[in-house]
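[1] Let's see this in three dimensions:
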Amino acid sequence: MGVSKLDVLYRRFLLTKLFIQGWGKPDDLRRLFEFRKMIGNREKCQQLVPKDYPIFIDKVEEQADCKIMDGHFVSPLDHYLPGIMPVESVNARIFDYHIIVQLAT
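    Numbering: from 1, shown residues only. The predicted structure follows:
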């Protein structure tokens, strides 16, 4: 059975458009694989981020029927693997929308 033209085209696309800058530094890949072993253990993984991990609320907007909160937190991954994430990803943004339900009395 021969290779389809679609397969050949797809492979060319992968090699020319995706992963053109490689998979990253070999040391970063090694660190990621080591961390993967740690998070593969359920008991250890549950202890990585404490229940009281700090979340910062930057803005609260209250409207008649809802409350909108914007905030951020430092990604826990940055504590375990510093320098592995892009700078833009270290501070994760939060958007929360609460609907205020008024019960009829």
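
[2] I39 - how many residues pack around it?
    Using other Cβ atoms under 10 Å, I39 has 13 other residues around it. Using the backbone N, CA and C atoms, a C-beta is placed for each residue, glycine as well.

[3] Can you say which helix or strand has the nearest residue to it once chain neighbours are set aside in it?
    With sequence-adjacent residues excluded and distances taken as Cβ to Cβ, 6 or more residues apart in numbering, I39 is closest to C45, at 4.6 Å. Using DSSP states H and E, C45 sits within helix 42-46.

[4] Counting by contacts, list what that helix packs against.
    On a contact count with 3 or more Cβ pairs under 8 Å, 6 or more residues apart in numbering; DSSP states H and E, helix 42-46 meets helix 26-39.

[5] Outside of the helix it packs on itself, which residues are in contact with it?
    Applying Cβ atoms under 8 Å, 6 or more residues apart in numbering, the external contacts of helix 26-39 come out as W23, K44, C45, L48, Y80, L81, I84.

[6] re the thing from before, after the helix holding C45 comes which helix or strand?
    Reading on from helix 42-46 to the C-terminus, the next helix or strand found by DSSP H and E is strand 56-62.

[7] where in this protein is pLDDT low?
    Low-confidence segments of the chain (pLDDT under 70): 1-2, 13-23, 97-105.
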